[in-house]
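In: Structure for this input, please:
(one chain, ligands or ions: 1)
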Amino acid sequence: MWDEALDRAGAWSRHWLSSVADRPVGVPIDAAAMRAGIDDRLPTTGVPAGQVLDELGAALEPGLVASGGPRYFGFVTGGALPVALGADWMVSAADQDAATFVMSPAAAVVEEIAGRWVLDLLGLPDDAAVGFVTGAQMASVACVAAARRALVGAQGWDVERDGLAGAPVPTVLVGEHAHATMIQALRLLGFGSARAVRVAVDDQGRMRADRFREALAAIAGPVLVCAQAGQVNTGVSDPFDEIADALEQREHAWLHVDGAFGLWAAAAPTRRALVAGVERADSWAVDAHKWLNVPYDAAMAIVRDRGALTGALTTSAAYLPLGDLDPATRTPENSRRARAVPVYAALRALGREGVAELVERCCALARQAADELAGQGLDILNDVVLNQVLVRPDGVDVAGIAAAVQRDGTCWIGTTVWEDRPALRFSVSNWSTTPADVTRATTRIGELVDALSSPASPGAP
Ligand SMILES: *Cc1c(COP(=O)(O)O)cnc(C)c1O
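Out: Numbering: from 1, shown residues only. From the prediction side, this is the model:
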């Protein structure tokens, strides 16, 4: 009964994965062509499973980005470790609802273990609560919900029961370079994007400790500080020790850290100093689908005060009393896949040393990319301390270069804005990227920059 579907899916997956390192990385297809290639007529009578999967595989392929491959340097995008992909297949095969222990004792207990391992690797308090969510954005939503409960609750207000209208709402402090999804988490929880006080940053995008202290001094009452480990353009982290020192004098304060990718620096001994003091925070958001190279989607919401997280997120129904063993007490979702299982598999296959080595290797490859791109005459705009490289070609249109690189297909990089001007961003987050991949990418980028800047080139400005 299962063979037909699993055999076809397995064959297609092997075909895709065996080509992912060599195919053009981006796909120059527009929405109309994509739509034209997929059968959009809802059938009246069903189509056999094998035919559905074969046709789907063929129809999807022209629109699939090889973002799991070794030369995709766009955004901050991990691939999938083979062991994590295998575990993910098993999760789908078992089709467990990981909401509660009674629905899946296996999922609940693997989640406990994987959560403990993540805390250990990141150097966070071993009794913190860990919720397995879809991404760092939802991890921040879960953490901010815990912070809101704790801070508003300390003023004698039950925010879960009485809502935010009329509540003694804490003031929110964020760095000027906070990630858009951190702001989104604040919006979703009723804090409003414009009400957050923005703290000035240094030339790498790091919150300035002096400005932070000034902003804090101007605020009376409870504060929620949303700091960051790993600025998305430069990879730098906020000065956690100085922030935590300043907060020590405050009675009602919560320090949250958006560490989507950058928190993994804590797992690599030689990078750990970049996030010094991060363990002093109250909550942390960290992705597994970026640097840990687990398939989408997986992230962890980590909260020091277990009661704040479970108090904010536990639902109750007569038929479904929830307790500590139930994962749904720690996540905004109810029914969900057992996404801790691929995290467990990745961590067990890598081990403590493997995780550190993965982080180190990506950082070394980012350094190599920066050196090679500088050798091609491009300006490196950031101190390359982690896995992110910010680049600006001198005197050449950034959007034009990005489009040329994306069309070319050797590698994929995207654009960003840095100090009010466009720039290119090169992120190394994939387990399978080699030094040769980086050289192949930087060489091609250099050639395309040359072609666009040479006056003889038809495409030159
Ligand atoms: C990617 C990223 C996020 C959002 O993560 P998702 O997994 O896409 O929800 C948040 N913060 C930073 C710094 C990021 O790099």
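In: need the contact list for the residue of the stretch 101-250 of the chain found nearest the ligand.
Out: Distances between the stretch 101-250 of the chain and the ligand by C-beta to the nearest ligand atom are smallest at residue 135, namely 2.7 Å. All C-beta spots, glycine's among them, are computed from the backbone N, C-alpha and C. Residue 135 makes contact with 181, 260, 287, 289, 297-299, according to C-beta atoms under 8 Å, 6 or more residues apart in numbering.
In: how about 6 Å then?
Out: Residues in contact with residue 135 (C-beta atoms under 6 Å, 6 or more residues apart in numbering) are 297, 299.
In: how close does it get to residue 141?
Out: 10 Å (C-beta to C-beta, to the nearest Å).
In: Next: residue 435.
Out: In terms of C-beta to C-beta, residue 435 sits 38 Å off from residue 141.
In: of those two, who's got more company?
Out: residue 141 (26 against 13; other C-beta atoms under 10 Å).
In: Which residues does whatever helix or strand residue 225 lives in contact?
Out: Per DSSP states H and E, residue 225 falls inside strand 223-228. For strand 223-228, the surrounding residues in contact (C-beta under 6 Å, 6+ apart) are 147, 170-174, 182, 238, 243, 253-258.
In: Inside helices: which ones of the residues you listed?
Out: 147, 182, 243 (DSSP state H).
In: list the contacts for the first one?
Out: Meaning residue 147. So residue 147 contacts 224, 254, 256 (C-beta under 6 Å, 6+ apart).
In: Give the helix, strand or coil label for residue 415.
Out: Classification of residue 415 by DSSP: H, G, I helix; E, B strand; the rest coil places it in strand.
In: Could you check how far it is from residue 450?
Out: 19 Å.
In: Kindly report the same for residue 151.
Out: 55 Å.
In: Those two: who's more crowded?
Out: Taking neighbours as other C-beta under 10 Å, residue 151 and residue 450 compare with residue 151 leading, 25 against 14.
In: Can you report phi and psi for that one?
Out: Phi and psi for residue 151, reported as degrees, to the nearest 10, are phi -70, psi -40.
In: I'd assumed residue 222 was in contact with it.
Out: Yes - at 4.4 Å, residue 151 counts as touching residue 222 under the criterion of C-beta atoms under 6 Å.
In: Need the overlap of contacts for those two.
Out: Common neighbours of residue 151 and residue 222 (C-beta under 6 Å, 6+ apart) are 170, 252.
In: ok, now which ones touch the nearest residue to residue 196 once chain neighbours are set aside?
Out: Spatial nearest neighbour of residue 196, excluding adjacent residues (C-beta to C-beta, 6 or more residues apart in numbering): residue 172 at 4.2 Å. Residue 172 makes contacts with 191, 196, 224, as judged by C-beta under 6 Å, 6+ apart.
In: who wins for neighbours among those residues?
Out: residue 224 (28 neighbours).
In: Can you show me the helices along the stretch 1-150 of the chain?
Out: For the stretch 1-150 of the chain, applying DSSP state H, counting those that start in this stretch gives helices covering 3-19, 31-36, 49-60, 82-94, 105-122, 136-153.
In: want to try CSV for the ones you listed, with distance to residue 345 and mean pLDDT as columns?
Out: CSV is the format used below for those (distance: least, C-beta to C-beta, whole Å; pLDDT from 0 to 100):
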stretch, distance to residue 345, mean pLDDT
helix 3-19, 17, 97
helix 31-36, 33, 96
helix 49-60, 25, 97
helix 82-94, 4, 98
helix 105-122, 9, 98
helix 136-153, 20, 98
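In: which one of those lies closest to residue 310?
Out: helix 136-153 (8.5 Å; C-beta to C-beta).
In: Give me the buried positions along the helix or strand following the closest one.
Out: Counting by DSSP H and E, the element after helix 136-153 in chain order, helix or strand, is helix 159-162. For helix 159-162, burial by neighbour count (16 or more other C-beta atoms under 10 Å) applies to residue 159.
In: residues in contact with helix 159-162?
Out: 148-149, 152, 167.
In: Next to the ligand, which bits of this structure? Give me the list.
Out: 76, 135-137, 179, 181, 228, 230, 232, 258, 260-261, 287, 299 (C-beta under 6 Å from any ligand atom).
In: In PyMOL, how would I select just the buried ones from these?
Out: Typed into PyMOL, the line below selects the buried ones among the residues of the chain next to the ligand, using 16+ other C-beta under 10 Å:
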select buried, resi 76+135+136+137+179+181+228+230+232+258+260+261+287+299
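In: OK, contacts around the closest residue to the ligand within the stretch 201-350 of the chain?
Out: Nearest residue of the stretch 201-350 of the chain to the ligand: residue 260, at 3.3 Å (C-beta to the nearest ligand atom). By C-beta under 6 Å, 6+ apart, the residues touching residue 260 are 136, 287.
In: Kindly report the same for residue 394.
Out: residue 379.
In: Try it again at 8 Å.
Out: Residue 394 neighbours (C-beta under 8 Å, 6+ apart): 377-379.
In: now residue 311
Out: 146, 149, 153, 160.
In: What are the buried residues along stretch 397-409?
Out: Buried residues in stretch 397-409 (16+ other C-beta under 10 Å): 397-398, 400-406, 408-409.
In: From those, which land in helices?
Out: Checked against DSSP H, the buried residues of stretch 397-409 include these in helices: 398, 400-406, 408.
In: now the chain, which segments are flagged as low pLDDT?
Out: Within the chain, the ranges that satisfy pLDDT under 70 run 455-461.
In: residue boundaries of the strands in it?
Out: Along the chain, the segments classed as strands by DSSP state E run 129-133, 171-175, 197-199, 223-228, 253-258, 283-287, 299-303, 378-380, 388-393, 414-418, 421-427.
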